[in-house]
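*Asks:* Below are the sequence and a predicted model for it; my questions follow.
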There are 2 protein chains.
Amino acid sequence: MKNCIIAQSGGPTVAINASLAGVIDAANRMGYDNIYGSLNGITGILDENLIELTGMSSEKLAILKKSPAMYLGSCRFKLPKMGTPDAEETYRKIFATFERLEISAFFYIGGNDSMDTVHVLSAYGKNIGSPVKILGVPKTVDNDLCETDHTPGFGSAAKYVATSLLEIAHDAYIYDKKSVTIVEIMGRDAGWLTASSVLARTAYSAAPHLIYLPEMPFSKEKFIADVKEKLSTFTQVIVAVSEGVKDENGNYISASTKSNDAFGHVQLNGTGKTLEYLLNDALDVKVRSIELNVLQRSAAHLSAKTDIDESFALGKYAVKMAEEGITACMAAVKRITSSPYTVTYEAAPVDKVANQIKFVPTDWINAEGNDVTDALVEYISPLIVGENEIPFQNGLPVYADISHLIH
Amino acid sequence: MKNCIIAQSGGPTVAINASLAGVIDAANRMGYDNIYGSLNGITGILDENLIELTGMSSEKLAILKKSPAMYLGSCRFKLPKMGTPDAEETYRKIFATFERLEISAFFYIGGNDSMDTVHVLSAYGKNIGSPVKILGVPKTVDNDLCETDHTPGFGSAAKYVATSLLEIAHDAYIYDKKSVTIVEIMGRDAGWLTASSVLARTAYSAAPHLIYLPEMPFSKEKFIADVKEKLSTFTQVIVAVSEGVKDENGNYISASTKSNDAFGHVQLNGTGKTLEYLLNDALDVKVRSIELNVLQRSAAHLSAKTDIDESFALGKYAVKMAEEGITACMAAVKRITSSPYTVTYEAAPVDKVANQIKFVPTDWINAEGNDVTDALVEYISPLIVGENEIPFQNGLPVYADISHLIH
């Protein structure tokens, strides 16, 4: 018997199901007898909550490849650290399941935390002499994983962010009165996704006029001065700001305004809202803020073909790694050239990925800390290219039936 | 000489440029010598801020037809009421410009307020014996204009709302823990757009589980009870709520929570945020809120083909009305059958449209006031059908160059 288990974890992207489809497709071709899907991340293995993915039809795989979020669900469970009381029992249980189901490979599709799981499971497996190959497939809209040129899911999210910024700009330009529009974009630590808003600039529109990433300390006074300066040149000023911007002491800007609900309890506002209130007090122009929210990671109808194809290829590559006897590694993208855009795939040691964050290099941010450089544009541009043909029925996109996740 | 002027007003939709393209296309064919575009609504005529649209190429028209927001810009200016001090001078100035430029028809593309402008200008023109045909072309994502089966822009916004709701549902279903997701949708007075979220329901997903429109008084206590009841059946509960929901005294729900900014000033929160805070206090589950914001009226990359084609046809129909000597009317859609979906176009007297609001009929809302009926589904379903092929370049949609609006 030749069996494998696949699981997904972390936050959704529109490409994580493409990687799942890639693993299933390659495992089908490689003659795996049973391909199990573990529901809700690693917890599906612990609770023996598995579904059969073997022999999924090519029609279903095609739909799955372009469906948002996670067909197998996610979890917020973190494996106990080795040495803690629960650890030994938890790890033994996972490997006992691997043995009982005659698993030869486990594929975990996820971000930083998931790569940590791949790392610690590999180490435990090595210790006990387990033959199971433990392999990671990257994903995150944040693009903050090391050892890979970029992460699956990022290109599509960047395409959504840039397209939305362009559409918001068209919306803003209709009035002849001064105004400021603040667009809040995901990214608690790394500013890649906010930086991708720069691609919205066209021959006729300079929006976003200002871009703020969490890599640089954020000063409210400097921000007000920046906006005032732009308003002296432009009638409409559009600002892209990362949710994760922090002041020079490392405190989130969003922590500085609070709401009182009906019961007088204090609730925290978002970064965009906080900056909107700040400008409302400082300026005499119309100010509004827009939070792109979860749609930037879920809008599969606007995914990038480059991203979906690469994510699918990385899933297939992970199966190839297992066939070649590789373990404790993550399937990674290596860029050969930017123009024309060419890549290859390789195995990256997962211990170099786990618990690391890849930030936007400071020399890709301008000296003023309110824009990005051409080097960053050159890096991101090829990642948003290409459109996926999504099947529509009755005016709505057709996505994978996820009834097994819905209770 | 046979000349005409076109202007756009009100809030953006993704179909208002399709109507503009329809007017230009028909006027070109009808042999108009000069087709003027008035920038920023009626103020472009008052300030003589006009651009030439005559002979726009078919390539440019094709791009314009699918571009978001307003190629001619909008304005917040409302014509002074007849009898007020400024009125006579303002109206005389408009008609003097019409006469000087040898205008035979004026086309105003807009919503309620714009149809009021068409109404009062027609009345003034009739009084002074002006031969200029004054005609309206409807648009509004709110779908709240009378005398037309529905409004251009609504179908595309409804498609965006339903698609986004479906994608948000996929995002929510990944976790196995109870949660509530509140989606705030546009519509201050009429609930059409919020109601369209019902189309997101599929064979596998019941989301949105609850739908609240401004046509029914909103009770916070009833809302909490509704959510609790749904949580007893479903792990994830997704709520669609109109920004305009009000309590039984007619006060906006959004008025009940306030923020204190850095200077201690009070700012109003949105409806979704207000309900999120309310549930955070009442329930012991994760609650989040998402405001679809301006993208629901600007996301041209996801427009409905039915909507764009009808909007274009209505623009052409308005020119036909002018040719036939009709004035003081709005081009309207008349539905013949829902299944198969067939329509015709007709002239609606603009005095029956101006300053009226078409609400969702209460018998299209369920008795509990937290869902809509099948009759509403039957009405909206055909309006979101069809996808438009949008040209993409370097991964981004190509929209009309609006440099004439950008200063």
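*Replies:* Everything's here; your move.

*Asks:* okay, now the spatially closest residue to A:V385 that is not a sequence neighbour: neighbour count?
*Replies:* Nearest non-adjacent residue to A:V385, counting by C-beta to C-beta, 6 or more residues apart in numbering or on different chains: B:G395, 4.3 Å away. For the C-beta atoms, the positions are set from N, CA and C on the backbone; glycine is no exception. Neighbour count of B:G395, defined by other C-beta atoms under 10 Å in any protein chain shown: 24.

*Asks:* what's near enough to touch B:G395?
*Replies:* Applying C-beta atoms under 8 Å, 6 or more residues apart in numbering or on different chains to B:G395 gives the contacts A:159, A:162, A:199, A:304, A:306, A:381, A:384-387.

*Asks:* Sort out for me which of those residues are in helices.
*Replies:* For the contacts of B:G395, the ones inside helices are A:159, A:162, A:306, with DSSP state H as the criterion.

*Asks:* Quick one: which of those residues is the most crowded by neighbours?
*Replies:* Note: the member of these with the most neighbours is A:K159, at 32 neighbours, neighbours being other C-beta under 10 Å.

*Asks:* From what I see, that one and B:L396 are in contact.
*Replies:* Yes: A:K159 is in contact with B:L396 according to C-beta atoms under 8 Å; the separation is 7.5 Å.

*Asks:* Next, the contact list for the closest residue to A:Q356 other than its chain neighbours, please.
*Replies:* Distances taken as C-beta to C-beta, 6+ apart place A:C146 nearest to A:Q356, at 4.4 Å, with adjacent residues excluded. With C-beta under 8 Å, 6+ apart as the criterion, the residues that contact A:C146 are A:352-353, A:356-358.

*Asks:* JSON lines please, covering those and showing neighbour count and pLDDT.
*Replies:* Compiled in JSON lines, those are given as follows (neighbours: other C-beta atoms under 10 Å in any protein chain shown; pLDDT from 0 to 100):
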{"residue": "A:K352", "neighbour count": "13", "pLDDT": "94"}
{"residue": "A:V353", "neighbour count": "25", "pLDDT": "93"}
{"residue": "A:Q356", "neighbour count": "14", "pLDDT": "91"}
{"residue": "A:I357", "neighbour count": "12", "pLDDT": "94"}
{"residue": "A:K358", "neighbour count": "19", "pLDDT": "97"}
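
*Asks:* Tabulate those (JSON lines), appending secondary structure.
*Replies:* Converted to JSON lines, those look like this (DSSP: H, G, I helix; E, B strand; the rest coil):
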{"residue": "A:K352", "secondary structure": "helix"}
{"residue": "A:V353", "secondary structure": "coil"}
{"residue": "A:Q356", "secondary structure": "coil"}
{"residue": "A:I357", "secondary structure": "coil"}
{"residue": "A:K358", "secondary structure": "coil"}
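
*Asks:* could those residues be laid out in TSV, adding distance to A:Y212?
*Replies:* Written out in TSV, the entries for the contacts of A:C146 read as follows (distance: C-beta to C-beta, whole Å):
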residue	distance to A:Y212
A:K352	30
A:V353	27
A:Q356	24
A:I357	18
A:K358	19
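
*Asks:* Among those residues, which pair sits farthest apart?
*Replies:* When those are compared pair by pair using C-beta to C-beta, the farthest-apart members prove to be A:K352 and A:I357, with a separation of 12.6 Å.

*Asks:* Quick check: residues of the stretch 101-250 of chain A near chain B?
*Replies:* Residues of the stretch 101-250 of chain A that fall close to chain B, judged by C-beta under 8 Å from any C-beta of the partner chain: A:159, A:162-164, A:166-168, A:170-171, A:173-177, A:199-200, A:202-205, A:220, A:234-236.

*Asks:* Do a quick rundown of the strands in the stretch 151-300 of chain A.
*Replies:* Using DSSP state E, counting those that start in this stretch, the strands of the stretch 151-300 of chain A run over residues A:179-185, A:210-212, A:236-242, A:258-260, A:266-268, A:286-291.

*Asks:* Please identify the deepest-packed of those.
*Replies:* For the strands of the stretch 151-300 of chain A, ranked by mean neighbour count under the definition mean count of other C-beta atoms under 10 Å in any protein chain shown, the leader is strand A:236-242 at a mean of 28.

*Asks:* Need the buried ones from the residues of the stretch 101-250 of chain A next to chain B selected in ChimeraX.
*Replies:* In ChimeraX syntax, the buried subset of these is picked out as below (16 or more other C-beta atoms under 10 Å in any protein chain shown):
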select /A:159,162,163,164,166,167,168,170,171,173,174,175,176,199,200,202,204,205,220,234,235,236
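
*Asks:* what's the straight distance from one end of stretch A:8-17 to the other?
*Replies:* 9 Å (C-alpha to C-alpha, to the nearest Å).

*Asks:* how far out from the middle of the chain is it?
*Replies:* Its chain's C-alpha centre and that of stretch A:8-17 lie 7 Å apart, by C-alpha atoms, centre = their mean, to the nearest Å.

*Asks:* now do stretch A:29-38
*Replies:* Relative to where its chain is centred, stretch A:29-38 has its mean C-alpha point 26 Å off (C-alpha atoms, centre = their mean).

*Asks:* For the stretch 301-407 of chain A, just list every one of the helices.
*Replies:* A:305-323, A:374-380 (DSSP state H, counting those that start in this stretch).

*Asks:* who does the longest one touch, helix- and strand-wise?
*Replies:* Applying 3 or more C-beta pairs under 8 Å, 6 or more residues apart in numbering or on different chains; DSSP states H and E, we find helix A:305-323 packed against helix A:16-29, strand A:103-110, strand A:133-138, helix A:154-172, strand A:329-338, strand A:341-349.

*Asks:* so how far is stretch A:336-344 from its chain's centroid?
*Replies:* Taking C-alpha atoms, centre = their mean, one finds the center of stretch A:336-344 at 22 Å from the center of the full chain.

*Asks:* Flag the shaky bits of chain A, pLDDT-wise.
*Replies:* Regions of chain A meeting the criterion pLDDT under 70 cover residues A:256-268.

*Asks:* repeat that with 80
*Replies:* For chain A, residues meeting the criterion pLDDT under 80 lie at A:255-269.

*Asks:* Distance check, A:M56 against chain B.
*Replies:* 16 Å (C-beta to the nearest C-beta, to the nearest Å).

*Asks:* residue contacts, the residue nearest to that residue when sequence neighbours are not counted?
*Replies:* Nearest non-adjacent residue to A:M56, counting by C-beta to C-beta, 6+ apart: A:I24, 5.5 Å away. With C-beta under 8 Å, 6+ apart as the criterion, the residues that contact A:I24 are A:6, A:35, A:53, A:56, A:61, A:64, A:315.

*Asks:* I am finished for the moment; much appreciated.
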